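S.K.: Please find the sequence and the predicted model below.
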Amino acid sequence: MTTSWLVTGAGGLLGHDMVAELAADPAAEVTALDRERLDITDPAAVRAAVAGHRVVVNCAAWTDVDGAERAEQAATAVNGTGVRHLAHACADNGAILLHISTDYVLPGNARRPYPEDASTGPVNAYGRSKLVGERAVAELLPHTGYIVRTAWLYGAHGPNFVATVLELAARRETLDVVADQHGQPTWSRALARQLAALGRAALTGRAPAGVYH
């Protein structure tokens, strides 16, 4: 028996790997929609896209952290309001939503890993925009909404810090890099595999809804 999956933001770094991961599963029927084919800030388009799908993986996002400081309203339209449209559509269709969020919803001053129930406290516009989306999922999909927080994504199909450093290292003898940020780079393909596993577990009732780090 096959399961219908919808991947939004399918042209991005994570979305590309998510589609590839699901394409290798003979039990998955995948609809892959990039930004040109689905604008998640358009509620009517979102309703039409979600209809008929059992699992939605939201890889669509405003990811320009610095740009969000200059255009917080625009970032929130995608990361907050757009996610609310997806959550509404999933609620109406009985679909599971796997929503990708970020460590930026947390204050970032802990000296040990944050548990999933840690208090949020974003310190920048990007984090605030993503927290709006998280709250929409929790509110509208208390039993079928999954918020997956990740950080420092790198992979083969989009700009990222690891690729930038490799490219600069190939051209320069020395690099100047900030020393006041610490994190764990996350391979986008590894995250895609875990998201696929989480979706399958959710379908069979083996994974509770809520926040995952």
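M.R.: Structure received.
S.K.: Tell me which stretches of this structure form strands.
M.R.: All strands of the chain, identified by DSSP state E, fall at 3-8, 28-33, 55-58, 96-102, 145-150, 153-154, 186-187, 210-212.
S.K.: wait, which of the ones you listed is closest to Arg112?
M.R.: Shortest distance between Arg112 and the strands of the chain, using C-beta to C-beta, is found for strand 145-150: 15.7 Å. (Glycine included, C-beta is placed from N, CA and C.)
S.K.: any residues touching that closest one, and which ones?
M.R.: 87, 90, 96-103, 105, 116, 134, 137-138, 186, 191, 194-195, 198, 202, 207, 209-213 (C-beta atoms under 8 Å, 6 or more residues apart in numbering).
S.K.: Next, the residues that contact the lowest-mean-pLDDT helix or strand in the chain from outside, please.
M.R.: Ranked by mean pLDDT, DSSP states H and E, the weakest helix or strand in the chain is helix 161-169, scoring a mean of 84. Applying C-beta under 8 Å, 6+ apart, the contact partners of helix 161-169 are 152, 154, 175, 177, 185.
S.K.: How about stretch 65-84?
M.R.: 39-41, 46, 58, 60-62, 64, 99, 104, 124-126, 128-134, 136-137, 140.
S.K.: List buried residues within these.
M.R.: 39-41, 46, 58, 60-62, 99, 104, 125-126, 128-134, 136-137, 140 (16 or more other C-beta atoms under 10 Å).
S.K.: one step back: which of the strands of the chain is buried the deepest?
M.R.: The highest mean neighbour count among the strands of the chain, using mean count of other C-beta atoms under 10 Å, belongs to strand 55-58: a mean of 27.
S.K.: The residue positioned nearest the centre of the chain bridge partners, please.
M.R.: Nearest to the mean C-alpha position of the chain, by C-alpha atoms, centre = their mean, lies Ile100 at 2.2 Å. Beta bridges link Ile100 to Val148, judged by DSSP bridges.
S.K.: Check it and give its pLDDT.
M.R.: Note for Ile100: predicted pLDDT of 98.
S.K.: And for His157?
M.R.: pLDDT recorded at His157 is 86.
S.K.: ok, it to Asp34 distance?
M.R.: Computed as C-beta to C-beta, to the nearest Å, the His157 to Asp34 distance reads 11 Å.
S.K.: Now do the shared contacts for those two.
M.R.: Gly12.
S.K.: ok so, going back, as CSV, the contacts of helix 161-169 with distance to Gly82 would be great.
M.R.: Listed next are the contacts of helix 161-169 as CSV, based on distance: C-beta to C-beta, whole Å:
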residue, distance to Gly82
Trp152, 23
Tyr154, 24
Leu175, 36
Val177, 33
Pro185, 26
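S.K.: Buried ones among the residues you listed?
M.R.: Neighbour-count burial within the contacts of helix 161-169 applies to 152, 154; the criterion is 16+ other C-beta under 10 Å.
S.K.: And the contacts of helix 161-169, which is closest to Ala28?
M.R.: Nearest member of the contacts of helix 161-169 to Ala28, counting by C-beta to C-beta, is Tyr154, at 24.8 Å.
S.K.: ok, the closest one touching Ser188?
M.R.: Yes: in this structure, Tyr154 is within contact of Ser188 by C-beta atoms under 8 Å, at 6.7 Å.
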